[in-house]
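Undergrad: could you look at this predicted model? Sequence included:
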Amino acid sequence: MKAKTVKFSRVVMAHTMLPQDANPAGIVHGGVVMKHIDEAAGVVAVRHAGSNVVTASIDRLDFHNPIFIGNLLTAKACLNLVGKSSMEIGVRVEAEDLISGQIKHTASAYLTFVALDKNFRPQAIAPLEIITAEEKRRNAEAQIRRQARLSQKSKAKDCESRVDGCH
Ligand SMILES: CC(C)(COP(=O)(O)OP(=O)(O)OC[C@H]1O[C@@H](n2cnc3c(N)ncnc32)[C@H](O)[C@@H]1OP(=O)(O)O)[C@@H](O)C(=O)NCCC(=O)NCCS
């Protein structure tokens with residue numbers, strides 16, 4: 001399969017925050033921000049994979065600044081790493097006060113998406129062509145996170161086999 005560049009799939013998506021996105025104090029719900037993060041990352045994943053994809057995991061998510069009704073939420077997403085069937089996508093969310101022009105960093109997240117075949121099983125995808133120094137740095141950092149995720153997943157599997165959860 002021919003490699004695809006980071007530029008090929010990267011996306012910037014913007015949405016005006018409306019009353020239905022927010023709590024009674026006018027602050028946008030965390031879940032709404034998460035939805036926009038997932039959506040932007042999903043666009044990147046489908047573009048690169050050229051197939052259906054699913055969110056396999058979302059790493060830790062911190063909210064640094066509130067977003068208010070009327071703000072413009074912008075989600076910037078691009079690929080950091082491509083495995084055999086999985087992709088790590090980094091998303092940066094900013095909120096712009098359209099009247100003052102002030103832009104604040106709201107959240108950043110790393111998501112792993114997996115490309116699926118017609119039977120909803122993981123399928124191999126095109127490799128990622130890394131070009132710039134920035135892309136190289138992101139890729140190297142993503143390799144470390146991937147290792148951490150894989151070892152966490154195998155520990156969690158161990159626990160699942162021993163613990164019965166809450167009923
Ligand atoms: C994600 C999913 C396809 C993985 O299936 P699986 O049988 O565990 O797949 P495999 O073990 O063969 O792993 C396939 C790839 O996914 C990666 N992966 C699997 N689980 C992962 C996780 N929790 N976090 C990060 N990567 C994961 C593996 O590292 C592997 O990557 P690679 O092909 O690049 O080496 C499957 O668990 C699934 O369908 N989950 C539901 C997804 C969904 O519905 N999401 C929407 C929100 S609920």
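TA: It's in. In this text, all values refer to a predicted model and were calculated from it rather than measured experimentally.
Undergrad: packing partners of the lengthiest helix in the chain?
TA: Longest helix of the chain, by residue count under DSSP state H: helix 133-162. Judged by 3 or more CB pairs under 8 Å, 6 or more residues apart in numbering; DSSP states H and E, helix 133-162 is in contact with strand 72-82, strand 86-96, strand 103-116. For every residue, glycine as well, the C-beta is placed using N, CA and C.
Undergrad: buried residues in that helix, which are they?
TA: Neighbour-count burial for helix 133-162 flags Glu135, Arg138, Asn139, Ala142, Arg145, Arg146, Arg149 (criterion: 16 or more other CB atoms under 10 Å).
Undergrad: restrict those residues to those near the ligand?
TA: The subset of those within reach of the ligand, counting by CB under 6 Å from any ligand atom, consists of Arg149.
Undergrad: which one among the buried residues of helix 133-162 gets closest to the ligand?
TA: Distance to the ligand, by CB to the nearest ligand atom, is smallest for Arg149 among the buried residues of helix 133-162, at 4.9 Å.
Undergrad: was I right about the closest one contacting Ile58?
TA: No: assessed by CB atoms under 8 Å, Arg149 is found out of contact with Ile58, at 10.8 Å.
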